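Colleague: starting from these lines, generate the structure:
(chains A, B, C and D)
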Protein chains: 2
Amino acid sequence: MSIELRKHFEKITPLTDQEFDYILSHFTTKKLKKHQYLIQEEDTVTNDYFVVKGLLKASHIDKEGKEYIMQFAMEDWWITDYQAYFSQTTATLHINCIEDSELLCLSLQNRDKICSELHKIEHFFRRKSNLGYVALQRRILSLLNSSAKERYEQLLLQYPSLFQRVPKTLIASYLGVSRETLSRLSS
Amino acid sequence: MSIELRKHFEKITPLTDQEFDYILSHFTTKKLKKHQYLIQEEDTVTNDYFVVKGLLKASHIDKEGKEYIMQFAMEDWWITDYQAYFSQTTATLHINCIEDSELLCLSLQNRDKICSELHKIEHFFRRKSNLGYVALQRRILSLLNSSAKERYEQLLLQYPSLFQRVPKTLIASYLGVSRETLSRLSS
DNA sequence: CCTACCTCACAGATTTTATGTGATGTAAAT
DNA sequence: ATTTACATCACATAAAATCTGTGAGGTAGG
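Modeller: Below is the predicted model:
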């Protein structure tokens, strides 16, 4: 299980065995089944999660019960309610499993610890944060100035495997369109 | 929603409108969807929950991942991890939803408060606690000296509606048999 | 007025879950 | 040693749930 985490870190920075074992010792593991919730609204959020295997979604549900997908997370992705995680407030997102999943969990305290002790881990997470920031900017821009069809085509190009693993209803919620509209766009 | 709670209390003790409104003011509400959890292992347990609508299960999962059902809770039932609730320790049970559910939540502090202020509520909860104790004794005795078939028949007699709403796999886990055995017993 | 959506409803397809059954093995009771 | 009452594994089928596509009508923005 941990080999995936090592490969993930080493995409950005090489690690000695000793460094990696030390880093890994700051993670715990969690296995969830399909439909299980990882985080529910108003939960205290204590961990960030690296997806070793499986697929999850982070969503916000409005007062009318309508679900908006903020993020999917498959293997090699990270997921949590970041607002709640970094500010140690309660969650506003729900996170649950689309498939059975195996996760590695990192508390904020442990994250700060390994970052402070290992410069290259500080570097790793800064790079990931920058990438994430840029991805969110692109998503906002896409929502602002692309048509629904264009957004669909961009996502299909960028993450074709999502379309095999995620129901189109959820992809529609991620793209900000109804599932009927997505169906019509796909023809 | 609260009319169900009032009816529930009044099965044991009549209440004036004023008394009931006062009692109700000590509850909060919670709505959960199917598969959402109410309590997870190691959670601090702050509330007891009255089920207004829906269906939940309380279970223990052993180290091998095998799930044992401690309790189901449908409308008019109460559910929590009582050990954790009364001793203010962390949960050893998982509680989640078999159906979308609406709950009324009562903290231990509020429970103690309304019991100390209203003798008839003290009476109500004492009666419920006695009933619960006796029910658990019966269950233990049933596990000790009844065959699986007898336990199944007792449950079917006592809660026939469970068999419409709960998968037999879960009922089997409650009865302490495999789902195949339960299937064979049902013939 | 046109376009690009949303919503509602319906129908059918697909997937998932539940269930029943057979075969084999095991442990406890006799 | 034998019998009984289960568990487990595997398989097949049924039932339920979910997914998807489509039509019709409505709405808001351009």
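
Colleague: hey, let's count contacts and neighbours off CA atoms from now on
Modeller: OK.

Colleague: for the residue of chain A found nearest DNA strand C, phi and psi?
Modeller: Nearest residue of chain A to DNA strand C: residue A:177, at 3.1 Å (C-alpha to the nearest atom of the strand). When read as degrees, to the nearest 10, the backbone of residue A:177 gives phi -130, psi 170.

Colleague: return the set of residues that bridge with the residue nearest the centre of chain A.
Modeller: Closest residue to the average C-alpha location of chain A: residue A:79 at 3.2 Å, with C-alpha atoms, centre = their mean. Residue A:79 has these beta-bridge partners by DSSP bridges: residue A:49.

Colleague: per-residue pLDDT of it, please?
Modeller: According to the prediction, residue A:79 has pLDDT 97.

Colleague: re earlier: so what's the residue nearest to the residue of chain A closest to DNA strand C when sequence neighbours are not counted up against?
Modeller: Of all residues not flanking residue A:177 in the chain, residue A:148 sits nearest, at 7.0 Å (C-alpha to C-alpha, 6 or more residues apart in numbering or on different chains). Residues counted as contacts of residue A:148 (C-alpha atoms under 8 Å, 6 or more residues apart in numbering or on different chains) are A:175, A:176, A:177.

Colleague: out of these, the closest to residue A:5 would be?
Modeller: Closest approach between these and residue A:5, by C-alpha to C-alpha: residue A:175, at 29.1 Å.

Colleague: quick check, the closest one in contact with residue A:153.
Modeller: No. Contact criterion C-alpha atoms under 8 Å: residue A:175 and residue A:153 do not qualify, at 10.5 Å.

Colleague: more crowded one of those two?
Modeller: Using other C-alpha atoms under 10 Å in any protein chain shown, the more surrounded residue of residue A:175 and residue A:153 is residue A:175, with 21 against 15.

Colleague: got a list of what that one touches?
Modeller: Neighbouring residues of residue A:175 by C-alpha under 8 Å, 6+ apart: A:143, A:148, A:151, A:152.

Colleague: how far away is it from residue B:140?
Modeller: Separation of residue A:175 from residue B:140 (C-alpha to C-alpha, to the nearest Å) stands at 53 Å.

Colleague: what of residue A:30?
Modeller: Using C-alpha to C-alpha, residue A:30 is found at 33 Å from residue B:140.

Colleague: ok, which stretches of chain A are helices?
Modeller: With DSSP state H as the criterion, chain A has helices at A:2-10, A:17-24, A:82-87, A:108-117, A:119-145, A:148-158, A:162-165, A:168-175, A:179-186.

Colleague: go through these and name the closest to residue B:131.
Modeller: When these are compared by C-alpha to C-alpha, helix A:82-87 sits nearest residue B:131, at 41.6 Å.

Colleague: for that closest one, give me every contacting residue.
Modeller: Here helix A:82-87 makes contact (C-alpha under 8 Å, 6+ apart) with A:44, A:45, A:46, A:47, A:48, A:89, A:90, A:91, A:92, A:108.

Colleague: what is the nearest of those to chain B?
Modeller: Of all the contacts of helix A:82-87, residue A:44 has the smallest distance to chain B: 10.4 Å, by C-alpha to the nearest C-alpha.

Colleague: would you enumerate the residues in contact with the closest residue in space to the closest one that isn't next to it in sequence?
Modeller: Spatial nearest neighbour of residue A:44, chain neighbours left out: residue A:90 (4.6 Å); criterion: C-alpha to C-alpha, 6+ apart. Shown in contact with residue A:90 (C-alpha under 8 Å, 6+ apart): A:41, A:42, A:43, A:44, A:45, A:84.

Colleague: residues contacting the first one?
Modeller: I take that to be residue A:41. Going by C-alpha under 8 Å, 6+ apart, residue A:41 touches A:90, A:91, A:92, A:93, A:94.

Colleague: again, 7 Å this time
Modeller: Contact analysis of residue A:41 by C-alpha atoms under 7 Å, 6 or more residues apart in numbering or on different chains lists A:91, A:92, A:93, A:94.

Colleague: next, format those residues as CSV and append distance to residue A:65.
Modeller: Output for the contacts of residue A:41, formatted as CSV (distance: C-alpha to C-alpha, whole Å):
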residue, distance to residue A:65
A:91, 17
A:92, 14
A:93, 13
A:94, 12
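
Colleague: mind putting the residues you listed in JSON lines, pLDDT and distance to residue A:62 included?
Modeller: Output for the contacts of residue A:41, formatted as JSON lines (pLDDT from 0 to 100; distance: C-alpha to C-alpha, whole Å):
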{"residue": "A:91", "pLDDT": "95", "distance to residue A:62": "14"}
{"residue": "A:92", "pLDDT": "93", "distance to residue A:62": "10"}
{"residue": "A:93", "pLDDT": "95", "distance to residue A:62": "10"}
{"residue": "A:94", "pLDDT": "95", "distance to residue A:62": "11"}
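
Colleague: and of those, the nearest to residue A:3?
Modeller: The closest of the contacts of residue A:41 to residue A:3 turns out to be residue A:94 (C-alpha to C-alpha; 28.3 Å).

Colleague: pretty sure the closest one sits against residue A:58.
Modeller: Yes. Applying C-alpha atoms under 7 Å, one finds residue A:94 in contact with residue A:58, separated by 5.6 Å.

Colleague: got any residues that touch both of these two?
Modeller: With C-alpha under 7 Å, 6+ apart as the test, residue A:94 and residue A:58 reach no residue in common.

Colleague: from residue A:115, how far off is residue A:125?
Modeller: When residue A:125 is compared with residue A:115 (using C-alpha to C-alpha), they lie 8 Å apart.
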